[in-house]
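Asks: model this:
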Amino acid sequence: MSTKILVPYDYSEHAEAALEYTQRVYPDTPIVLLHAVEPFADHTAAGGYEDHRFEQMMENAEKDLTAVAEDAPNSDQIDVQVIYGRPSAVILRTLQVGEADRVVMGSRGRTGAARILLGSVAETVVRRAAVPVTVIRTDNPREQPDRVLVPYDGSTQAMNALRLAFDEFPDATVTALYVLYPTQSTRLPKRETDEPFAVIEDWAERRTEHAEKVLESATRIAESQDSEVETVYFDGKPTEVIIAHAEETGIEHIVIGSTGRDGLGRLLLGSVAETVVRRAPISVTVTK
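Replies: Numbers count the residues shown, from 1 in each chain. Coordinates of the predicted model:
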């Protein structure tokens, strides 16, 4: 479990949802509430006047963020930090110095000069952070999820994602989903059928056996944690299958590894996790 959680905050409804979610799901874990003051041009000093704008902006930002923390339930749980810099760089640097071992952030934020969590920032943090990152949607239910989906390919990252799902959502129904990709309809040009590509045809013939074998490890992980897991597999493109299955079965949270297996059994090759974060209508946690 996390020992301290970083919540980037820009006063948007998405940031507020992230803070509420964090306090609800992790009521006993210290929170670092972080606001990034984006760089701005200040020509006051150049005009011959004394330059106090930077100090004033930082003081006002810290005052405003402190007020947010004080108004939140269990305010003693929250420590505020205001840092000058680009949002994604500030978040990643704060993680690098060991201020937190988990991030919970909104999927997007305010527009204009005060923005912090505009899509690309969340995706940058998901891609580069060395700790788990949860991206919150404001239309999520305001309670712990009843159904959690873990895209699963047997990789270390997928195993970590499954364990995290059991740890953090012990009362939820957890489903491990394996996507058979390349699909059975995949046809390679003749010039690509030399080794190692020729093995794809053999692998396609044994795809059901292969999927069941991969998912057996998910069942073993569940048993080792005194939990249960549903296992399913489908043929298709990973991102499309993951999102479609989540929508069709009422999944409320996705826990996904940031990378996955190499070779024919691959599923979660970085861009898949990022695309799921971008396109999923529900909250997503990306593990490392």
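
Asks: ok, which stretches of this protein are strands?
Replies: Ranges of strands in the chain, per DSSP state E, are 5-8, 31-37, 78-84, 103-106, 133-136, 147-151, 173-180, 230-235, 253-257, 283-287.

Asks: Including mean pLDDT and mean neighbour count, could the ones you listed go into TSV?
Replies: For every residue, glycine as well, the C-beta is placed using N, CA and C. Formatted as TSV, these follow (pLDDT from 0 to 100; neighbours: other CB atoms under 10 Å):
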stretch	mean pLDDT	mean neighbour count
strand 5-8	97	26
strand 31-37	96	23
strand 78-84	96	18
strand 103-106	94	29
strand 133-136	94	26
strand 147-151	97	26
strand 173-180	95	23
strand 230-235	95	17
strand 253-257	95	28
strand 283-287	94	25
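
Asks: Any chance of JSON lines for those strands, columns distance to residue 59?
Replies: Listed next are the strands of the chain as JSON lines, based on distance: least, CB to CB, whole Å:
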{"stretch": "strand 5-8", "distance to residue 59": "20"}
{"stretch": "strand 31-37", "distance to residue 59": "11"}
{"stretch": "strand 78-84", "distance to residue 59": "9"}
{"stretch": "strand 103-106", "distance to residue 59": "25"}
{"stretch": "strand 133-136", "distance to residue 59": "29"}
{"stretch": "strand 147-151", "distance to residue 59": "42"}
{"stretch": "strand 173-180", "distance to residue 59": "46"}
{"stretch": "strand 230-235", "distance to residue 59": "52"}
{"stretch": "strand 253-257", "distance to residue 59": "38"}
{"stretch": "strand 283-287", "distance to residue 59": "34"}
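
Asks: Relative to residue 157, which of these is closest?
Replies: Proximity to residue 157 (CB to CB) singles out strand 253-257 among the strands of the chain, at 2.9 Å.

Asks: Packing partners of the closest one?
Replies: Helices and strands touching strand 253-257, by 3 or more CB pairs under 8 Å, 6 or more residues apart in numbering; DSSP states H and E, are strand 147-151, helix 156-168, helix 238-249, helix 271-279, strand 283-287.

Asks: What lies in contact with the last one?
Replies: Contacts to strand 283-287, defined as CB atoms under 8 Å, 6 or more residues apart in numbering, come from residues 21, 126, 132-137, 140, 145, 157, 160-161, 164, 168, 252-258, 273, 276-277.

Asks: Count residues in the vicinity of residue 126, would you?
Replies: Neighbour count for residue 126, taken as other CB atoms under 10 Å: 25.

Asks: How about the contacts made by it?
Replies: 133, 135, 258, 273, 274, 277, 286.

Asks: got a pLDDT number for it?
Replies: For residue 126, the pLDDT comes out at 89.

Asks: got it, and residue 259?
Replies: What the model reports as pLDDT for residue 259 is 72.

Asks: so it makes contact with residue 157?
Replies: Yes. In terms of CB atoms under 8 Å, residue 259 counts as a neighbour of residue 157; the distance is 5.4 Å.

Asks: if we can go back for a sec, could you tell me the least trusted of the helices and strands packed on strand 253-257?
Replies: Within the helices and strands packed on strand 253-257, the stretch with the lowest mean pLDDT is helix 271-279, showing a mean of 85.

Asks: What are the buried residues along it?
Replies: Under the neighbour-count criterion of 16 or more other CB atoms under 10 Å, helix 271-279 has 272, 273, 274, 275, 276, 277, 278 buried.

Asks: do the same with stretch 137-154
Replies: For stretch 137-154, using 16+ other CB under 10 Å, the buried residues are 137-138, 140, 144-145, 147-154.

Asks: Between the residues you listed, which sits nearest residue 76?
Replies: Nearest to residue 76 among those: residue 144, at 22.6 Å, using CB to CB.

Asks: Kindly state the domain boundaries assigned to this structure.
Replies: The chain breaks down by automatic domain parsing into domains covering 5-136, 147-287.

Asks: The longest one: end-to-end distance?
Replies: When the termini of domain 147-287 are compared using CA to CA, to the nearest Å, they are 18 Å apart.
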